[in-house]
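*Asks:* give me a model of this one.
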Amino acid sequence: MRYLHLSILILAFSARHVLAADDHNHGAEGHEEGMPALTAQQIRTAGIKTLVVQRSELAGVVVAPGEVSLNAYQTTEVAPRIAAQIVKRHVTLGQSVGPGQVLVTLSSVEVAQAQGELLVSDREWQRVKKLGRKVVSERRYIEAQVARQQANARLRAFGMTDDQIKSLLQDPDTSRAGGELELLSRQHGTVIRDDFIVGEVADPGRELFVITDEHQLWVDARLTPEDAAHVKVGAKARIKAQGHWLDGEVIQTQHMLDETTRTLSVRLQVANPNDALHPGEFVTVKIESAAHLTGIAVPVAAVLRSPDGDWQVFVEEAPGRYQPKEVEVLRTVGGRMVVEGLDAGERIVSQGAFFIQSEIAKSGFEIHNH
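*Replies:* From the prediction side, this is the model:
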C-alpha cells in the first residue's frame, strides 16, 4: 500500500509539470502568433525606421484664430488728384498689371489749362534761354524760368509723369493739350477693386483701383496678453487654410489691447504662391512660443489611432517585432507630438507605423495596448 501511494504522488507531480510546460509553451506560441515578426525585406520595403525617445526641452506653441488681410506694404490705391471725367477703362477686375501700365484715361478742364500753360511757358523759356542773359533782362530770364517750372510742377501735381510731360512737350501737335490724363499702375499685382463707371465724374481722392501683390499676405492673429508675451518678432508660424498648412513668420506685434476682445494682435507674413489664401478668410494659426516645456516628443507619423480610438505608438521589442503601446497626446509642436506614456530610452517606430498596423490587422489578431 505504501508503494502504491508513492506511485500516485509521482504520477501527479509529473502531470502537473507537463501541464505547466504546456501552458508555458502555449503562451509563448500565442505571443509569437500575436506579434508576427517582419522580415528584413519587409522592413526595407515599408521604409520602417526607429528611434530612441528621450526627454528634451521643446519650444511651446500658441494656437489662435486669425484673419487674412492684404499686405498693405504691397498694395496701392489709384485715385485722381483733381476732379475729372472717366473716359476709358484699360484694365478690369482680376487682371494682372505691371508698373507703368495704363489703367484709366481721364479728362479734365484744369489739366487742359495746365497743359496749355506748360506749352506756352516752355516756348518762352526756350526763346529766352537761347537769347541768353546778355540780351534779355535778368527779370525776364527769371520769370520765364520760374513760369516754366511752375507749369511743369502743376501737371505733376495733377498726376502726369515726367515721361508723359516730356512726350507732350516734344509733340509738335499742340492740340494734344486737351486735358487728357492717363493714370498708371505703380507696381506688379492684381486688380482687386475697380468700382467705377465710364462716363462718371470722379472727385479728387476717389478710389478707382486697388492693386495688390497677393504672393505675400498678412494674417492677423488674436492672442491673450499671456500668450502674446511669449511671442517674438521673427518667430515661425503655421497657418491652416482649406485643409492645408502654410509656413509664416511673425513680423509685427501690437502693444495696445483691443478694448472689445481684450486680446493683442500679432501680424504674420505668409507666402501665398498658389493663391490658397484670400483677404477676409478666417484661419487657424500656430505660432512658436518663447515659453519652453520639457517632455518626450515623437514624429507625428509615429502616432496612430488604434481600432478602439486611442492614440498609440509601436515599440520595438526586437528587430522586426513591434508591440503597440497606448500614449496620451499632450500637444503638437511643429511636426512632432508631445506624448505621455513612454519612458526615455524606449525604441519606437518613427516611420512606417501604418504598415505595421496594417500587417497586424491582416493577420487577424487584436491589437492590445500596454
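*Asks:* from the chain's centroid, how far away is stretch 42-62?
*Replies:* Relative to its chain's centre, stretch 42-62 lies at 26 Å (Cα atoms, centre = their mean, to the nearest Å).
*Asks:* that stretch: which residues count as buried?
*Replies:* Neighbour-count burial for stretch 42-62 flags 43, 46, 48, 50, 53, 58, 60-62 (criterion: 16 or more other Cβ atoms under 10 Å). Placement of C-beta: from N, CA and C, glycine included.
*Asks:* quick one: which of those residues sit in helices?
*Replies:* 43, 46 (DSSP state H).
*Asks:* need the buried residues of stretch 42-62 in TSV with distance to Val97 and pLDDT, can you?
*Replies:* Shown next, in TSV, are these (distance: Cβ to Cβ, whole Å; pLDDT from 0 to 100):
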residue	distance to Val97	pLDDT
Ile43	56	91
Ala46	51	91
Ile48	53	94
Thr50	54	95
Val53	54	94
Leu58	46	75
Gly60	43	76
Val61	39	82
Val62	38	86
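*Asks:* what about the buried residues of stretch 42-62, which are in strands?
*Replies:* 50, 58, 60-62 (DSSP state E).
*Asks:* which one among these gets closest to Glu346?
*Replies:* Of all those, Thr50 has the smallest distance to Glu346: 10.0 Å, by Cβ to Cβ.
*Asks:* now do the contacts for that closest one.
*Replies:* Contacts for Thr50 (Cβ atoms under 8 Å, 6 or more residues apart in numbering) come out as 316, 347-350.
*Asks:* tell me which helix or strand of this structure sits lowest on mean pLDDT?
*Replies:* helix 2-34 (a mean of 43; mean pLDDT, DSSP states H and E).
*Asks:* mind putting the buried residues of stretch 42-62 in TSV, distance to Val339 included?
*Replies:* What follows is these, written out as TSV (distance: Cβ to Cβ, whole Å):
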residue	distance to Val339
Ile43	23
Ala46	22
Ile48	19
Thr50	16
Val53	9
Leu58	12
Gly60	16
Val61	15
Val62	20
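*Asks:* what is the nearest of the buried residues of stretch 42-62 to Asp247?
*Replies:* Among these, and counting by Cβ to Cβ, the member closest to Asp247 is Val61, at 13.9 Å.
*Asks:* so the closest one touches Val285, yeah?
*Replies:* No: with contact defined as Cβ atoms under 8 Å, Val61 does not reach Val285; the gap is 10.0 Å.
*Asks:* please, where are all the helices along the stretch 151-300 of the chain?
*Replies:* Shown for the stretch 151-300 of the chain, the helices assigned by DSSP state H, counting those that start in this stretch span residues 162-170, 225-228.
*Asks:* the ones you listed: which one's closest to Glu77?
*Replies:* Comparison of the helices of the stretch 151-300 of the chain against Glu77 by Cβ to Cβ identifies helix 162-170 as nearest, at 20.0 Å.
*Asks:* just the C-alpha atoms of that closest one, please, in CSV.
*Replies:* Extracted in CSV, the C-alpha atoms of helix 162-170 (Å, rounded to 0.1, in the frame of the first residue of the first chain):
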residue,chain,number,x,y,z
ASP,A,162,7.8,113.1,-66.2
ASP,A,163,7.7,110.9,-69.3
GLN,A,164,4.2,112.0,-70.1
ILE,A,165,5.1,115.7,-69.7
LYS,A,166,8.2,115.1,-71.9
SER,A,167,6.1,113.5,-74.6
LEU,A,168,3.7,116.4,-74.5
LEU,A,169,6.5,119.0,-75.0
GLN,A,170,8.1,117.1,-77.8
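*Asks:* how far off centre is that helix?
*Replies:* Centre to centre, stretch against its chain (Cα atoms, centre = their mean), the figure for helix 162-170 is 43 Å.
*Asks:* residues contacting that helix, please?
*Replies:* Against helix 162-170 from outside (Cβ under 8 Å, 6+ apart): 115, 118-119, 122, 152, 155-156, 160, 176-177, 182.
*Asks:* between these, which is nearest Gln95?
*Replies:* For the contacts of helix 162-170, the nearest to Gln95 is Glu182 (16.5 Å; Cβ to Cβ).
*Asks:* ok, the closest one - contacts?
*Replies:* So Glu182 contacts 102-106, 164 (Cβ under 8 Å, 6+ apart).
*Asks:* rerun at 10 Å
*Replies:* Glu182 makes contact with 87-88, 90, 102-106, 159-161, 164 under the criterion Cβ atoms under 10 Å, 6 or more residues apart in numbering.
*Asks:* what does Phe158 give?
*Replies:* Contacts for Phe158 (Cβ under 10 Å, 6+ apart) come out as 80-82, 84, 106, 108, 110-111, 114-115, 179, 181, 204.
*Asks:* please repeat the previous calculation with a cut-off of 6 Å.
*Replies:* Residues near Phe158 by Cβ atoms under 6 Å, 6 or more residues apart in numbering: 81-82, 111.
*Asks:* can you tell me which of the residues you listed are in strands?
*Replies:* Going by DSSP E, the strands hold none of the contacts of Phe158.
*Asks:* most neighbours among these, which one?
*Replies:* Using other Cβ atoms under 10 Å as the neighbour criterion, Val111 leads these with 24 neighbours.
*Asks:* setting aside sequence neighbours, what's the nearest residue to the most centrally placed residue in the chain?
*Replies:* The centroid of the chain falls nearest to Val270 when counting by Cα atoms, centre = their mean (3.2 Å). Closest residue to Val270 apart from its sequence neighbours, by Cβ to Cβ, 6 or more residues apart in numbering: Gly248 at 3.7 Å.
*Asks:* so the one you found sits against Ala241, correct?
*Replies:* No: in this structure Gly248 lies outside contact range of Ala241 using Cβ atoms under 6 Å: 10.7 Å.
*Asks:* those two - which one has more neighbours?
*Replies:* Gly248 (28 against 20).
*Asks:* mind checking pLDDT for that one?
*Replies:* On the pLDDT scale, Gly248 is placed at 94.
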